Structures are given as structure tokens and as C-alpha cells.
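Trainee: Mind folding the following:
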Amino acid sequence: MEGLYQHTNKQVHEVQSYMGRLETSDKESVHLVENEIQARIDTIFSNLERLEILSSKEPPNKRQNAKLRVDQLKYDVQHLQTALRNFQHRRYLREQQERQREELLARTFTTNGTHKKILDVANMLGLSNTVMRLIEKRAFQDKFLMLGGMAVTCVIMFLVVQYLT
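Mentor: Have a look, this model is predicted:
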């Protein structure tokens, strides 16, 4: 039992070092490192099952201590398993965000189709082309009024801050 315990404990420490390598590995090799970690964790779990059986066969005066050591190893391995799952989840979310970002960057935004649809709807409502041109001209003028108002507001705020403080 002692030999298997030492071997399993050594494997737990190796998995911990692999977890450190997982954070620094590149995108291509991260899957290989994850698979290696998962295989080692599975091996450790099978060793722990054998250790539990062996600890129950220990003499009564050593049984409590043996079970405590096995439980501690089991606890450590469960934390490693959780850390691996968290890393995989974060990586999955990061990849998903990158895909969404690429999709947004690849998408072309056009307003011509929307503008044409608005004109078609307005024509269906009975608005003439002259009225539509007046509305477009007014919207263009309103944009300059808004920009001018924003500039005047900024100047007034600057003057208030400059002279009242």
C-alpha cells in the first residue's frame, strides 16, 4: 500500500506541474496537455480506488491513518479535476468570444438597403417624393444643429470650470 500511495502522490504532484504548463502552452498544444492531464487524473482515480480497498485491509491501528491519507489524496485530485474543468471552460469562452468578434469584424454593415426599405414604406403610406426629400434635408440639417449644440455646450462647460473654480 505504501508504494502505491507514494506513486499516486508523485502523480498528483506531476499533474500539478502540468497544470502550470497548461497556462503557458500555446493554442495548438493546449489540447494535448489537457488530454495528458485528464489521462493522469483518471489513472490517479483508479489508483485511489485500489488504495481505498487496501486501506480497509490495513491493521486496525493503521487503518484510520491510511484512510485519512487516501481521503486527502482524493480531495487533492478532485481539486485538480475542478481546476482543469475551469480552465477548459475559460478557454471555451475565450474561443467563443474570438469567434464572435471575428464574425462581427467580417460582417459588412450597409444602410442602403434599409434606406430603400424606408422609402418604399413611406411611398406605400402615400408620402410623395418631395415630402421625403424635405424630411431627408431636415434630418441632415438637424445633425448639424446637434453637433453645433454639443460644441456650444462643451465651450460653456469649459468656461464655467475655468472661471468658477
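
Trainee: before we move on, what SS does Leu127 have?
Mentor: Classification of Leu127 using DSSP: H, G, I helix; E, B strand; the rest coil returns coil.

Trainee: in the protein, which spans are strands?
Mentor: Using DSSP state E, the chain contains no strands.

Trainee: Point me to the residue sitting farthest from the middle of this structure.
Mentor: Most distant residue from the mean C-alpha position of the chain: Thr130, 52.2 Å away (C-alpha atoms, centre = their mean).

Trainee: Work out the gap between the helix or strand of the chain with the lowest mean pLDDT and the centre of the chain.
Mentor: One helix or strand of the chain scores below all others by mean pLDDT, DSSP states H and E: helix 112-125, with a mean of 75. Its chain's C-alpha centre and that of helix 112-125 lie 41 Å apart, by C-alpha atoms, centre = their mean, to the nearest Å.

Trainee: longest helix of the protein?
Mentor: Identified as the longest helix of the chain according to DSSP state H is helix 60-106.
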